[in-house]
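*Asks:* Predicted coordinates and the sequence they were generated for:
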Amino acid sequence: MPTAKVPPSGSAPLRRRPAAWFGVVALLVLLAYARSCGAPFHFDDYTIIVANEEGSLSSLSGFLGFARTRLVPFATFALNYWVGGDDPFGYHAVNVAIHLLATLFVFNLALALCRTPRLRDTWLAEARLPFAVAAALFFACHPIQVQAVTYVVQRMSSLAAAFYVGSVLCYVRARNAQVGTGPGRPAAAFVGSIALALGALLSKENTASLPAAVMLAEWVFYGRAGLAKRLLRLTPYLLLVLVIGVGWKLLALGPGGRRISGSAAEQMAGLVRTLVFRANPRGDVAPLEYFFTQCVVIPRYLRIVVLPRGFNVDHDVAIQRILAPGVAGGMLFLAALLAFGLYAARRWPVLGFGITWSFVALSVESSFLPIRDAMVEHRMYLAMPGVALAVASGFAWLFQRQRAVAAVLGATAAALLCALTFLRNETWRTPEALWRDAVAKSPNKPRVHINLGMALRLAGESDEAITQYCRALALDPRNARARGNLDALIEEQADAALDEGTEIVLEGSGTGPEGSLLGLEPPDPCAGR
């Protein structure tokens with residue numbers, strides 16, 4: 001095996017610097033998420049963790065039926081449940097640990113990229129430590145990551161992304177060892193990459209794009225190898241996606257609980273329909289309409305990343321049915337950005353790789369497969385390693401030329417991002433604060449009013465909860481959930497009034513032909529609200 005050509009690392013103390021610097025990153029992450037472990041469960045947390053009557057986490061049969069293809073994150077939920085029941089602290093602590101693991105993989109991926117044939121003799125290899133630290137800090141401390149870390153059930157997103165990045169990292173290390181630019185055994189690293197790929201695919205379906213990410217790394221950093229060799233290296237990842245896809249089909253049930261049957265073509269079509277049905281149960285969004293919508297949504301994600309403000313647990317995004325000017329503008333912007341990323345991959349490898357990575361990462365959830373929620377911030381978690389690498393390459397370039405300026409700007413940016421993440425976590429500290437924030441930012445979305453109403457009801461503020469349910473019904477008069485919650489709360493108040501001997505006022509519901517009352521009922525609770 002050829003001797004590894006590793007850039008000089010200096011004395012023993014200097015060789016320990018990467019670990020020390022990652023310790024600084026980890027400390028900042030812990031500070032930014034210091035109070036997140038005290039947050040309660042939110043939203044779908046109750047469906048998956050708290051509502052455990054059917055044994056979805058406490059029995060093997062319930063677990064297998066509930067977890068289906070997301071076995072790994074549900075296994076961690078089951079372990080959390082076994083250790084601490086439904087106490088949120090343990091779940092949050094594991095989420096932060098997973099975030100730190102993903103950050104470690106991003107940090108080491110940045111270092112490994114600097115050993116690739118494209119970068120080992122460049123200025124970036126000399127600035128590899130500032131580059132890696134900047135990438136890890138940006139990824140770990142950006143407030144857009146909060147929803148994937150502090151929202152417990154979105155452990156699916158963070159864990160899947162950690163495995164995904166770890167798989168690419170091991171692949172890069174294997175290739176570095178293979179071409180003689182890095183230490184280690186290629187076979188062991190390849191095996192590690194495949195194992196992590198399996199973990200990713202068993203965590204969340206959006207990791208089906210992993211073969212494209214591996215091929216991207218091969219294309220950008222390892223020169224012009226023959227197509228046959230590239231496809232051979234890619235084969236294990238493609239086979240994994242195929243095998244897991246078959247597993248999805250075998251586990252898939254159609255709308256009504258019936259197992260998909262028929263010819264192979266019919267079963268595949270049924271699988272696609274089932275996946276679309278699960279993603280968008282109403283079936284009211286066509287793939288092209290969803291694509292048009294994502295041409296508006298993805299630029300919004302990028303705007304939030306560049307200007308970290310406007311975070312929202314429940315964004316209000318209108319489905320784009322036609323090629324409107326806003327859709328066309330977003331489409332042109334994204335096409336230009338992707339074209340620039342592909343062009344930059346040949347001249348500025350890390351910048352191009354980072355931009356293109358983001359498109360690959362979003363390709364499953366933010367393209368043509370309709371998903372019920374058009375825009376949710378945790379979808380950016382898998383794209384953020386690419387963004388972080390691109391941003392960090394700019395920081396490393398500045399660091400090589402103006403170290404003092406880069407140090408001041410870097411420290412200021414890190415402090416600002418940590419502060420914003422800390423403040424965003426404060427919003428997640430109570431359901432009422434989270435949904436008041438959502439109502440302020442999505443006032444025309446019925447669901448945020450319903451969820452704020454539920455939070456207020458739990459807090460004992462029944463009158464204001466009724467107001468929120470009424471606002472939801474004003475926006476969507478046929479909303480069964482808002483009507484059901486409102487009726488239940490009114491009935492609860494009536495029962496409490498009877499128990500206390502309070503007089504209940506009823507009003508006539510109409511009169512007959514001779515002026516007789518047809519019925520009595522409580523006054524409209526939404527009148528005047």
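*Replies:* It's in. Numbers count the residues shown, from 1 in each chain.
*Asks:* Against Arg471, how distant is Leu104?
*Replies:* Leu104 is 45 Å from Arg471, where distance means Cβ to Cβ, to the nearest Å. For the C-beta atoms, the positions are set from N, CA and C on the backbone; glycine is no exception.
*Asks:* The chain: strands as residue ranges?
*Replies:* For the chain, the strands defined by DSSP state E cover 507-508, 520-521.
*Asks:* model confidence over stretch 93-102, on average?
*Replies:* Mean pLDDT, stretch 93-102: 98.
*Asks:* ditto for stretch 298-310
*Replies:* 97.
*Asks:* Would you mark the buried spots in it?
*Replies:* Neighbour-count burial for stretch 298-310, counted by 16 or more other Cβ atoms under 10 Å, picks out 298-299, 301-302, 304-305, 308.
*Asks:* any idea how far that stretch is from the chain center?
*Replies:* Chain-centre distance of stretch 298-310: 15 Å, with Cα atoms, centre = their mean, to the nearest Å.
*Asks:* now do stretch 84-98
*Replies:* 17 Å.
*Asks:* Stretch 33-51 too?
*Replies:* 15 Å.
*Asks:* Report the backbone C-alpha coordinates of it in CSV.
*Replies:* Output of stretch 33-51 as CSV, limited to C-alpha atoms (Å, rounded to 0.1, in the frame of the first residue of the first chain):
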residue,chain,number,x,y,z
TYR,A,33,-29.1,24.2,23.9
ALA,A,34,-28.6,24.5,27.6
ARG,A,35,-32.3,25.0,28.4
SER,A,36,-33.7,22.8,25.6
CYS,A,37,-33.7,19.8,27.9
GLY,A,38,-36.3,21.5,30.0
ALA,A,39,-38.8,21.9,27.1
PRO,A,40,-41.9,19.8,27.2
PHE,A,41,-43.3,17.6,24.4
HIS,A,42,-44.8,19.3,21.5
PHE,A,43,-47.2,18.5,18.7
ASP,A,44,-46.5,15.0,17.2
ASP,A,45,-44.5,14.1,20.3
TYR,A,46,-47.8,13.3,21.9
THR,A,47,-48.8,11.0,19.1
ILE,A,48,-45.6,9.0,19.1
ILE,A,49,-44.4,9.1,22.7
VAL,A,50,-47.1,10.2,25.1
ALA,A,51,-50.0,8.4,23.5
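*Asks:* contact partners of that stretch?
*Replies:* Stretch 33-51 has contacts (Cβ atoms under 8 Å, 6 or more residues apart in numbering) with 56-57, 66, 77, 80-81, 86, 88-89, 91-93, 95-96, 99, 146, 149-153, 313, 421-422, 425-426, 428-431, 434, 451.
*Asks:* Weed out the non-buried ones from those.
*Replies:* 56-57, 66, 77, 80-81, 86, 88, 91-92, 95-96, 99, 146, 149-153, 313, 421-422, 425, 428, 430-431, 434, 451.
*Asks:* From those residues, which land in helices?
*Replies:* Using DSSP state H to define helices, the subset of the buried ones among the contacts of stretch 33-51 located there is 66, 77, 80-81, 88, 91-92, 95-96, 99, 146, 149-150, 421-422, 425, 431, 434, 451.
*Asks:* Show me the helices in the stretch 301-450 of the chain, by range?
*Replies:* 325-347, 349-362, 384-401, 403-427, 431-441, 446-458 (DSSP state H, counting those that start in this stretch).
*Asks:* mind listing what's buried in stretch 412-424?
*Replies:* Buried, per 16+ other Cβ under 10 Å, within stretch 412-424: 413-414, 417-418, 420-422, 424.
*Asks:* and that stretch, C-alpha only, in PDB?
*Replies:* This file holds the C-alpha atoms of stretch 412-424, laid out as PDB (Å, rounded to 0.1, in the frame of the first residue of the first chain):
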ATOM      1  CA  THR A 412     -18.800  37.500  16.400                       C
ATOM      2  CA  ALA A 413     -20.800  35.200  14.000                       C
ATOM      3  CA  ALA A 414     -20.400  32.300  16.400                       C
ATOM      4  CA  ALA A 415     -21.600  34.300  19.400                       C
ATOM      5  CA  LEU A 416     -24.600  35.700  17.400                       C
ATOM      6  CA  LEU A 417     -25.600  32.300  16.100                       C
ATOM      7  CA  CYS A 418     -25.400  30.700  19.600                       C
ATOM      8  CA  ALA A 419     -27.400  33.600  21.100                       C
ATOM      9  CA  LEU A 420     -30.100  33.200  18.400                       C
ATOM     10  CA  THR A 421     -30.200  29.500  18.900                       C
ATOM     11  CA  PHE A 422     -30.500  30.000  22.700                       C
ATOM     12  CA  LEU A 423     -33.400  32.500  22.200                       C
ATOM     13  CA  ARG A 424     -35.100  30.200  19.700                       C
END
